[in-house]
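Colleague: Predicted coordinates and the sequence they were generated for:
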Amino acid sequence: KYVLEVKAQGVELIIDWGCMGVGRSPNTARKVAQRTGVNVAIPTGIYKWLLEPKFDGWSVDKLSRYMVKEFKQGIYGTDIKPAFIKLGANPVPTKIETNIHHAATQAAAEIGATVACHLPFPLDARNETELARARQVWGIARSNGVEPDRFVWGHANGVIKADKVTPAHLDSARSQYLEL
């Protein structure tokens, strides 16, 4: 019902940031799209360090190949393909999280996908700490060949208020897109 209400207001696309680790259902996305006529874009990628058990012990390259495979063949054995790669980042990265960031950005660079990174820190940490972490994640993306126009800094509104975005903010994140 809600999707039909927003469709009546002109919404044609829902971007679902639910990747592996936080719940992802390609079949639900398909049903919503079929029943409402509103497109639903879903990602590949792994949220923070929340690896599914089948990924335990996988190398960066093997994780990257898995994400590329989802773009080429579909998610969870369906023919539904992701529209982008979504990541999450903690204030202090773990080795697993860093490996996931490398794998995802390698995959993104290989296939030209957009990377959206979610930085959901507590409100009291939304300052230079978050900005430094965004720079660190962007550094990983850049080192793996992700172009600036393919990087979205999600939840930037904790540091940057939508009505106060300046060129300096964009330069600090080294990103072309901010999700507020």
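Modeller: Sure thing, it's come through.
Colleague: can you tell me which residue is nearest the centre of the chain?
Modeller: Against the mean C-alpha coordinate of the chain, by C-alpha atoms, centre = their mean, the closest residue is Lys86 at 1.8 Å.
Colleague: quick one: the helices in the chain?
Modeller: Remark: helices of the chain, listed N- to C-terminal, are 2-8, 26-36, 60-73, 95-111, 128-143, 167-173; assignment by DSSP state H.
Colleague: Which one, of the ones you listed, ends up nearest to Phe151?
Modeller: Proximity to Phe151 (C-beta to C-beta) singles out helix 128-143 among the helices of the chain, at 5.5 Å. Every residue, glycine included, has its C-beta placed from N, CA and C.
Colleague: okay, the angle between the closest one and helix 95-111?
Modeller: Helix 128-143 runs at 40 degrees relative to helix 95-111, counting by axes from the mean of the first three to the mean of the last three C-alpha atoms, to 10 degrees.
Colleague: Next, the contact list for the closest residue to Gly18 other than its chain neighbours, please.
Modeller: By the measure of C-beta to C-beta, 6 or more residues apart in numbering, the closest residue to Gly18 outside its immediate chain neighbours is Arg24, 4.9 Å from it. The contact partners of Arg24, by C-beta atoms under 8 Å, 6 or more residues apart in numbering, come to Asp16, Gly18, Ile42, Pro43, Ile75.
Colleague: Low-confidence ranges, the protein, go.
Modeller: Counting by pLDDT under 70, the low-confidence segments of the chain come to 120-127, 155-180.
Colleague: Asn27: neighbour count?
Modeller: Look at Asn27: counted by other C-beta atoms under 10 Å, it has 11 neighbours.
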